[in-house]
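K.L.:
sequence isn't available, so here's the structure alone:
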């Protein structure tokens with residue numbers, strides 16, 4: 001049994017080549033007992049190595065086949081995701097249309113009423129510290145952007161509310177005549193859900209207001225003055241308000257005109 005001399009360093013290969021030469025030149029097999037055992041051991045390992053090499057070749061072939069199959073599956077997944085995106089868009093567009101939900105690049109404007117109490121501007125549920133307020137869910141339902149669908153929330157369902165028409169309010173409210181109250185136009189942004197009579201929005205900003213309190217009346221669309229009013233209603237009313245009663249013939253046209261500015265629903 002002879003040991004192949006390939007894959008050896010020069011010094012090692014030279015010794016094995018010398019052994020082969022001396023085997024041919026002289027009858028020395030009887031002196032090579034230990035080397036015979038080593039040659040058998042090396043032969044077994046060489047046979048094992050050959051088997052491992054064949055196995056590696058088989059695995060490489062299987063790997064190539066698996067990579068080709070994975071590439072095909074990836075293409076199928078990508079195609080499925082594209083098809084799913086189209087289907088999702090179709091289904092959600094239908095849901096959004098049914099739920100009256102939309103996103104508008106410009107504020108969706110409507111009317112709402114606040115009450116003045118403890119020198120603060122208060123909505124139906126919460127205090128408005130500034131002219132802009134983001135909606136909160138009083139039930140604190142997780143996992144969805146606000147406002148929630150009616151089926152998940154309330155009553156009342158969360159969101160900044162606004163109505164489409166002043167006639168939805170009682171006559172004295174819609175004319176701005178109610179004492180200790182504020183009637184105004186609010187611009188809704190972010191997620192906005194439309195209902196038959198109005199809207200519920202994610203964010204709301206007061207665009208115009210008519211306030212009747214402390215025997216004074218203030219009607220304005222000045223953003224700076226409105227912001228100051230939310231900070232301190234009493235001081236602003238005494239500094240900027242008129243010592244007159246609201247005039248319904250002025251309040252309605254003024255607020256309706258502000259409601260109709262830049263109306264957008266897309």
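P.N.:
Cool, got the structure. Being a predicted model, the structure only gives us computed values, none of them experimental. Numbers count the residues shown, from 1 in each chain.
K.L.:
spell out the residue ranges of the strands in this structure.
P.N.:
101-103, 108-117, 120-122, 132-134, 160-163, 181-194, 198-213, 216-220 (DSSP state E).
K.L.:
distance from the chain centre to the third one, please.
P.N.:
Strand 120-122 sits 32 Å away from the centroid of its parent chain (Cα atoms, centre = their mean, to the nearest Å).
K.L.:
which residues touch the closest residue to residue 168 other than its chain neighbours?
P.N.:
Distance criterion Cβ to Cβ, 6 or more residues apart in numbering; nearest residue to residue 168, sequence neighbours excluded, is residue 197 at 5.6 Å. Where C-beta positions appear, they are placed from N, C-alpha and C, glycine not excepted. Counting by Cβ atoms under 8 Å, 6 or more residues apart in numbering, residue 197 touches 163, 164, 165, 168.
K.L.:
tell me which of the residues you listed fall in helices.
P.N.:
Among the contacts of residue 197, no member is found in helices (DSSP state H).
K.L.:
biggest helix in the protein by residues?
P.N.:
helix 33-99.
K.L.:
what's the angle between that helix and strand 181-194?
P.N.:
In terms of direction (axes from the mean of the first three to the mean of the last three Cα atoms, to 10 degrees), helix 33-99 departs from strand 181-194 by 130 degrees.
K.L.:
pLDDT of helix 33-99, averaged?
P.N.:
Throughout helix 33-99, pLDDT has a mean value of 86.
K.L.:
same question, stretch 167-182
P.N.:
Mean predicted lDDT for stretch 167-182 stands at 91.
K.L.:
what of stretch 131-142?
P.N.:
The pLDDT scores in stretch 131-142 average 80.
K.L.:
stretch 201-217 too?
P.N.:
Per-residue scores along stretch 201-217 average to 94.
K.L.:
list the buried residues in it.
P.N.:
Neighbour-count burial for stretch 201-217 flags 201-214, 216-217 (criterion: 16 or more other Cβ atoms under 10 Å).
K.L.:
same deal with stretch 30-43?
P.N.:
Buried residues in stretch 30-43, counted by 16+ other Cβ under 10 Å: residue 39.
K.L.:
just give the number of residues close to residue 71.
P.N.:
10 (other Cβ atoms under 10 Å).
K.L.:
how near is it to residue 107?
P.N.:
Counting by Cβ to Cβ, to the nearest Å, the gap from residue 71 to residue 107 is 49 Å.
K.L.:
over to residue 246?
P.N.:
From residue 246 to residue 107 the distance is 25 Å (Cβ to Cβ).
K.L.:
can you name the residues that contact the residue nearest to residue 131 when sequence neighbours are not counted?
P.N.:
In space, and not counting its chain neighbours, residue 131 is closest to residue 206: 4.3 Å by Cβ to Cβ, 6+ apart. Applying Cβ under 8 Å, 6+ apart, we find residue 206 in contact with 128, 131, 132, 184, 185, 186, 187, 226, 230.
K.L.:
follow-up on the earlier one: tell me which of the contacts of residue 197 is nearest to residue 116?
P.N.:
Looking at the contacts of residue 197 and their distance to residue 116, the nearest is residue 163, at 19.6 Å (Cβ to Cβ).
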